[in-house]
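Chemist: Give me coordinates for this.
(chains A and B)
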Amino acid sequence: MSAPANAKPLNQISTGSNVALNAVFILLSLLFVMPVVLVLMVSITDGDALLKSGYSFWPEKLSSIAYKAMFEDYGTIIGGYGVSIGITAVGTVLSVLLMALFAYPLSRSDYPYRTFFTFFLFITLVFNGGLVSRYMVYTRVLDLYDSYWALILPLLIVPFNVIIMRTFFQTTIHPAIIDSARIDGAGEVRIFTSIILPLSVPVLATMGLFGTIAYWNDWFNALLYIESEHKYPLQYLMRRVINDVQFLKTNITIAAQNPEMMSKLPDQALQMAMAIVGMGPILLVYPFFQRFFVKGLTIGAVKG
Amino acid sequence: MRETVTTMRESIIEHKKALSYNELTDKRGGANMKKPRSKAISNLWKYRYLTLMMLPAVVVLIIHSYLPMFGVFIAFKNVNYVDGIWGSPWAGFDNFHFLFQSDSLWRITRNTIGYSLAFLVINLILSVVIAVALNELRSRFVGKLYQSILLMPHFLSMVVVSYLVYAFLNPTQGFMNTTVLDWLGIDPKFWYSEKDYWPFILILVNAWHGIGIGAIIYIAAIAGIDPEYYEAAVIDGASKRKQILHITLPSIQPVMIILTILQIGKILNADFGLFYQVTLDTGMLYPTTDVIDTYVYRSLLELNDIGMSSAAAFMQSVIGFVLVIVTNMAVRKLNRDQALF
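Modeler: Below you'll find the model as predicted:
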């Protein structure tokens, strides 16, 4: 997103309003990050301090016992991470590939069936069969219950993103490029892989980013379709832990052999440590990719 | 985003252009013009690779979207596990009859529509205000910094959000009870069993989660305004306030309308994570937090009542579809250019 040109020195707000506006935004920003900070502080608060004064931004006594316990026996968490990373990687690659393959013909003005396929896509945007019939299709017809595919399939094609990609292809790739490649003897597949894809890296990267976030943060499909504990993605594991902290405690078996540690281990700190371990990666990387994310939101707006 | 929407509508216009383009190229080709039928066949062959490219996504759409669409007939069946989906006897409108007789229908419909409207209005106002304010900040750099911070919640899943909310509302140790209410001298509240507070909590959480991304869309729209309007306004002596009222807001109005239509079309679809996970699926809160999506989920997977849940899901799909069509027609009456299709 380019900086608007209307920010000229002549036409700026007064210094007073600028200060006031900044003050409001600083306050708002603090409110926005406050919950995350609170969770972080609780996760490193000592059990006795938690009992005495509850959750606080300035704990009386710090303790890293929750993290120690969690990493003493990291099997459960590594398992969750593994599933999440696997699903996210496979899902994102497939999603970007399938959407690009679908969007490219739609972008070709000479492709005779583009109206049909646009309509085919559009229908899915305005009408859906609802949760019950989808659940029945996934579990009864396709037999995907407790299968990783049940986590990948639902997020593969996002109609809106397909339209964004189509618009990008339409506006960025001039038909003359395709024509000249054809004259040089390239077939459709060759044109797609050697010309379209390399020219579309920005939109592919954006869609990859959208896909990564969608797959990483998805827990609803796990709630619906996943039963085996070893197949829990990270977000769903976190959901189990907030509803039932004992689930994590019983899984920390090595810590259980160390009764002193176990008795000192506060449930709440363990829960909040789980939250930090779960949201950590995204909070660490989002400042770097949010710029591309913002660009991606407006990428469909690039018009010729 | 707005462009995405408008291009959808345009694709139909473009298609008409494409058709004439096709005829043009075919005329150039000459041979295909003689027999219309053989043209269709030769087209099929000529574009076989493009069609093949689309196949994987078509299969996914069929599986994920079209099969469930045809599956809505479940709502008219009395499904039992012995006979299976196909073999179960037809129930006519019995499932709907039960749904209409239960007290739940009024409750979930009222909650769903009420929250959707509240979210829509509040997030729209806050997003626009933040976008306009960020745009007026003198320093671009701090503007971007605030923008990044406000966007942060968007990247957190509702499970994470439920942890954050729980840290505040935990009845024995949460920050609200042990610190905030303590300071104010108010007795601790059992947040997860007092339903009356939840409309405010959910609206707050939803705004926290959504206004950052909302603001960015409007910031992009503001960035697209021709600076000459502002230059002319400055020459005419318009104040900043007048510029915002008469240039900025009218310029982003189309985006506001499009996004609002999209939201109204989805008015019956609540954010499942917000209502199910952030409330920790607490039964005592259902009167103010149960929405169609959570009700359908619970009936299906916790109560195993396929009849009720499929009837509710069917109503949701059909009314949602009608709403999209109707709101779009309404907008097209107002201003053709801003309609979706």
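
Chemist: show me the contacts for B:Phe272.
Modeler: Taking Cβ atoms under 8 Å, 6 or more residues apart in numbering or on different chains as the criterion, B:Phe272 is in contact with A:220, B:293-294, B:297. (Each C-beta comes from the backbone N, C-alpha and C, glycine too.)

Chemist: will you turn those into TSV that also has pLDDT, neighbour count and distance to B:Thr51?
Modeler: Formatted as TSV, the contacts of B:Phe272 follow (pLDDT from 0 to 100; neighbours: other Cβ atoms under 10 Å in any protein chain shown; distance: Cβ to Cβ, whole Å):
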residue	pLDDT	neighbour count	distance to B:Thr51
A:Phe220	94	23	33
B:Asp293	90	25	36
B:Thr294	91	23	41
B:Tyr297	91	24	38
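
Chemist: Format these as JSON lines; extra columns: secondary structure and distance to B:Gln316.
Modeler: Below are the contacts of B:Phe272 laid out as JSON lines (DSSP: H, G, I helix; E, B strand; the rest coil; distance: Cβ to Cβ, whole Å):
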{"residue": "A:Phe220", "secondary structure": "helix", "distance to B:Gln316": "16"}
{"residue": "B:Asp293", "secondary structure": "helix", "distance to B:Gln316": "8"}
{"residue": "B:Thr294", "secondary structure": "helix", "distance to B:Gln316": "12"}
{"residue": "B:Tyr297", "secondary structure": "helix", "distance to B:Gln316": "12"}
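
Chemist: Could you report the neighbour count for the residue nearest to B:Phe119 when sequence neighbours are not counted?
Modeler: Nearest residue to B:Phe119 in three dimensions, chain neighbours excluded: B:Asn206, at 5.2 Å (Cβ to Cβ, 6 or more residues apart in numbering or on different chains). Residues near B:Asn206, counting by other Cβ atoms under 10 Å in any protein chain shown, number 20.

Chemist: Tell me the helices and strands packed up against the helix or strand hosting B:Asn206.
Modeler: Using DSSP states H and E, B:Asn206 sits in helix B:198-223. If you count contacts as 3 or more Cβ pairs under 8 Å, 6 or more residues apart in numbering or on different chains; DSSP states H and E, helix B:198-223 packs onto helix A:15-43, helix A:267-299, helix B:104-136, helix B:140-151, helix B:158-169, helix B:249-265, helix B:272-276, helix B:286-289.

Chemist: Please repeat the previous calculation with a cut-off of 6 Å.
Modeler: Where contact means 3 or more Cβ pairs under 6 Å, 6 or more residues apart in numbering or on different chains; DSSP states H and E, helix B:198-223 is packed against helix B:104-136, helix B:249-265, helix B:286-289.

Chemist: Among the contacts of B:Phe272, which pair sits farthest apart?
Modeler: Between any two of the contacts of B:Phe272, the greatest separation by Cβ to Cβ is 11.5 Å, found for A:Phe220 and B:Thr294.

Chemist: returning to what we had before: and the helices and strands packed on helix B:198-223 as JSON lines, adding mean pLDDT and mean neighbour count?
Modeler: Shown next, in JSON lines, are those (pLDDT from 0 to 100; neighbours: other Cβ atoms under 10 Å in any protein chain shown):
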{"stretch": "helix B:104-136", "mean pLDDT": "92", "mean neighbour count": "18"}
{"stretch": "helix B:249-265", "mean pLDDT": "83", "mean neighbour count": "18"}
{"stretch": "helix B:286-289", "mean pLDDT": "90", "mean neighbour count": "19"}
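
Chemist: In TSV: the ones you listed, plus distance to B:Ile225.
Modeler: Listed next are these as TSV, based on distance: least, Cβ to Cβ, whole Å:
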stretch	distance to B:Ile225
helix B:104-136	9
helix B:249-265	5
helix B:286-289	40
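
Chemist: which ones are touching residue 46?
Modeler: Reading this off chain A. Contacts for A:Asp46 (Cβ atoms under 6 Å, 6 or more residues apart in numbering or on different chains) come out as A:61, A:63.

Chemist: Try it again at 7 Å.
Modeler: A:59, A:61-63 (Cβ atoms under 7 Å, 6 or more residues apart in numbering or on different chains).

Chemist: now it: how far from A:Pro59?
Modeler: Counting by Cβ to Cβ, to the nearest Å, the gap from A:Asp46 to A:Pro59 is 7 Å.

Chemist: just A:Phe160 next, same as before
Modeler: Separation of A:Phe160 from A:Pro59 (Cβ to Cβ): 44 Å.

Chemist: swap in B:Leu202?
Modeler: Note on B:Leu202: its distance to A:Pro59, by Cβ to Cβ, is 29 Å.

Chemist: Of these two, which one has the most company?
Modeler: Between B:Leu202 and A:Pro59, counted using other Cβ under 10 Å, the more crowded position is B:Leu202 (25 against 18).

Chemist: which residues does that one contact?
Modeler: When contacts are counted by Cβ under 7 Å, 6+ apart, B:Leu202 touches B:115, B:274, B:278, B:289.

Chemist: what's near enough to touch the third one?
Modeler: Which is B:Val278. B:Val278 makes contact with B:158, B:161-162, B:165, B:202, B:205, according to Cβ under 7 Å, 6+ apart.

Chemist: can you confirm it is in a helix?
Modeler: No - using DSSP: H, G, I helix; E, B strand; the rest coil, the assignment for B:Val278 is coil, not a helix.

Chemist: what pLDDT does it get?
Modeler: What the model reports as pLDDT for B:Val278 is 90.

Chemist: Same question for B:Lys266.
Modeler: The model's pLDDT for B:Lys266 equals 83.

Chemist: Can you give me every residue that contacts A:Gly54?
Modeler: Neighbour list for A:Gly54: B:173-174, B:177-179 [criterion: Cβ under 7 Å, 6+ apart].

Chemist: The residues you listed also near chain A: which ones?
Modeler: Among these, the residues that sit close to chain A (Cβ under 7 Å from any Cβ of the partner chain) are B:173-174, B:177-179.

Chemist: Scan these and report the most crowded one.
Modeler: For those, the largest neighbour count, defined by other Cβ under 10 Å, is 25 neighbours, found at B:Gly174.

Chemist: tell me the phi and psi of that residue?
Modeler: Backbone torsions of B:Gly174, given as degrees, to the nearest 10, read phi -60, psi 150.

Chemist: Now for the nearest residue to it once chain neighbours are set aside, how many residues are close by?
Modeler: Leaving aside its sequence neighbours, B:Gly174 sits nearest to B:Phe168 (Cβ to Cβ, 6+ apart; 5.4 Å). Look at B:Phe168: counted by other Cβ under 10 Å, it has 20 neighbours.
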